[in-house]
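1. One predicted model, sequence on top.
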Amino acid sequence: MNHPFAELIDLNIEEVKGGSSTLTLVVAPQHLNPHEVVHGAVLFAMADTGMGSALYPTLEAGEICATIEIKINYFKPVFQGRLVCKTELVNRGKTVANLESRLYVDDVLVAHANGNYAIFRPRRAEA
């Protein structure tokens with residue numbers, strides 16, 4: 001799948017299965033905040049993209065998903081290394097799904113996120 005935002009931040013979608021995904025990102029200078037720590041938005045983007053990637057294969061033809069809300073906890077600062085985001089589908093209903101992402105550097109948990117996603121069929125634009 002073409003994902004311009006993932007390309008913008010050098011986010012790699014390594015593995016996607018129905019209900020799970022693994023994403024990676026090698027920390028580079030453009031990911032740092034003024035304190036030389038990876039900006040929280042980078043970790044958030046990894047979790048959000050990981051959740052959408054895990055959910056997408058469970059959708060029926062014509063369905064899409066959209067983030068309703070995500071809560072993220074940051075446990076440790078990240079200065080360098082390879083971030084890994086592992087996401088699992090917790091519950092999928094007809095119109096809402098819940099997912100969890102865990103973010104690691106060298107097998108150390110640095111953040112955890114939980115998110116809800118709407119599942120729907122987009123309405124056609126009327127002329």
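-> Looks like it came in fine. Residues are numbered from 1 along each chain as shown.

2. Other residues contacting the helix or strand of the chain with the lowest mean pLDDT?
-> Sorting the helices and strands of the chain by mean pLDDT, DSSP states H and E puts helix 4-8 at the bottom, at a mean of 94. Under the contact criterion C-beta atoms under 8 Å, 6 or more residues apart in numbering, helix 4-8 has outside partners 11, 12, 13, 45, 49. C-beta here means a position set from N, CA and C on the backbone, and glycine is covered the same way.

3. On the C-terminal side of that helix, identify the next helix or strand.
-> strand 12-17 (DSSP states H and E).

4. Summarise which helices and strands that following strand is packed against.
-> Judged by 3 or more C-beta pairs under 8 Å, 6 or more residues apart in numbering; DSSP states H and E, strand 12-17 is in contact with strand 20-26, helix 40-55.

5. Rounded mean pLDDT for it, please.
-> In this model, strand 12-17 has a mean pLDDT of 96.

6. Just give the strands next to that strand in its sheet, each with its orientation.
-> strand 20-26 (antiparallel) (DSSP bridges).

7. Give me the buried stretch members for the partner strand, please.
-> 20, 21, 22, 23, 24, 25 (16 or more other C-beta atoms under 10 Å).
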